[in-house]
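Student: Dropping the sequence and predicted coords here.
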Amino acid sequence: MKKILIPTDFSDNAWNTILYAMELYANIPCDFYILNTYDITPVKLVTTVSSQRVGHLYETVKIESEQGLKMILDDISNSNTSLDHSFKTISKSGSLSKVLRKMTKKDHYDSIVIGTKGATGAKEIFLGSNTHRVIKEMPNCPVLIIPEESYFEEISNVAFATDFARIYHRAEIQPIVNLAKSQDATVRMIHVYDEPKLNIVQHYNSNSLEEYFKKLKYDFHVIPDFSTVEKAIQAFIEELEIDVLAMINYPHSFIERLFREKVIKKITFHTTIPFLVIPADN
């Protein structure tokens, strides 16, 4: 039984993310945990006259959170849900990033599925440096980012962007293997190169990846470095009709190069394919 954590801010994008997750895991038994976080901004607190008023404000947003989650459960019950899926709601005070960090440290979740854009909490994660911080704060949990207006369709090709610069651990690759196996998809490993040939270390690491993917359909693609990594990856996504982009986040990794180019923000807002970020197994 997989445990899937889905933050919501009650926006249309957040609801679409829930629907996407339900479709993605349609044939897999899952417990879905729908999370809403609430907080009072310092500006609101400054205008508050008394501690009694502060308590009233917190009680109000707490009730709004719980009522919103109840409405989501009602909407889910009216949807075409799998008999192997169960749904639970969680309402917690605090910022979304802090709540997620505490929850993933306390309990194991197979994945966090989250939308890129929304009215409140979810929007904060994917703007500027907050993206990097939140992903780094999920040390034990892959994060699947669902772009706005991205609706579930058959997944045929999963791209794994890598520089082959390090040994890959089975725990890091397993989310990609699980995704490809569940969708009968092809894994397409892509290397955006500065040099046209892989060095000895890169060859060794690429061979180790073949062992992980040997029971799947997979292929290697080496593409030249464009003016930015973003342009190279976008060209690859369009050419091979990629459905999901996956990367592993570790110190000095390929993904950090993308962060320096602010590609995470561009990908999450400017593409229509989901983006799977996997934490390094340290």
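Tutor: Cool, the structure landed.
Student: hey, where'd the strands end up in the protein?
Tutor: Here the chain has its strands, by DSSP state E, at 2-7, 30-38, 85-93, 111-115, 143-146, 157-161, 186-193, 217-224, 244-249, 275-279.
Student: same for the second one, what does it pack against?
Tutor: Meaning strand 30-38. For strand 30-38, the packing partners by 3 or more C-beta pairs under 8 Å, 6 or more residues apart in numbering; DSSP states H and E come out as strand 2-7, helix 12-24, helix 51-77, strand 85-93, helix 96-106. Where you see a C-beta, it was placed from the backbone N, CA and C, and this is true even at glycine.
Student: run the last query once more with 10 Å
Tutor: Helices and strands touching strand 30-38, by 3 or more C-beta pairs under 10 Å, 6 or more residues apart in numbering; DSSP states H and E, are strand 2-7, helix 12-24, helix 51-77, strand 85-93, helix 96-106, strand 111-115, helix 121-125.
Student: so residue 32 bridges to which residues?
Tutor: Bridge pairing for residue 32 (DSSP bridges) gives the partners residue 4, residue 87.
Student: Nearest the geometric middle of this protein, what residue?
Tutor: residue 144 (2.1 Å; C-alpha atoms, centre = their mean).
Student: Relative to residue 108, how far out is that residue?
Tutor: 16 Å (C-beta to C-beta, to the nearest Å).
Student: how close does the nearest residue to residue 206 once chain neighbours are set aside sit to residue 23?
Tutor: Excluding the flanking residues, the one nearest residue 206 by C-beta to C-beta, 6 or more residues apart in numbering is residue 164, at 5.0 Å. Plainly put, residue 164 is 32 Å away from residue 23 if you go by C-beta to C-beta.
Student: cool, residue 148 as well?
Tutor: Noted for residue 148: a distance of 17 Å to residue 23, by C-beta to C-beta.
Student: again with residue 101
Tutor: Distance from residue 101 to residue 23, counting by C-beta to C-beta: 28 Å.
Student: If you count surrounding residues, which of these two has more?
Tutor: The residue with more neighbours, out of residue 101 and residue 23, is residue 101; 19 against 14, by other C-beta atoms under 10 Å.
Student: Distance across stretch 216-232, terminal residue to terminal residue?
Tutor: Distance between the two ends of stretch 216-232: 25 Å, counting by C-alpha to C-alpha, to the nearest Å.
Student: same question for it, mean pLDDT?
Tutor: Stretch 216-232 shows a mean pLDDT of 75.
Student: Same check on stretch 39-52?
Tutor: 56.
Student: May I see the buried residues of stretch 215-226?
Tutor: The neighbour-count check on stretch 215-226 (16 or more other C-beta atoms under 10 Å) flags 218, 220 as buried.
Student: Off-centre distance for it?
Tutor: Stretch 215-226 sits 22 Å away from the centroid of its parent chain (C-alpha atoms, centre = their mean, to the nearest Å).
Student: Repeat that for stretch 91-109.
Tutor: Offset of stretch 91-109 from its chain centre (C-alpha atoms, centre = their mean): 15 Å.
Student: List the buried residues for that stretch?
Tutor: For stretch 91-109, by 16+ other C-beta under 10 Å, it's 91-92, 96-97, 99-101, 103-104, 109.
Student: how long is that stretch from one end to the other?
Tutor: Taking C-alpha to C-alpha, the first and last residues of stretch 91-109 lie 17 Å apart.
Student: Make 396 the starting number, not 1.
Tutor: In the new numbering, first residue 396, that becomes stretch 486-504.
Student: Could you pull up the mean pLDDT of it?
Tutor: On average, stretch 486-504 scores 90.
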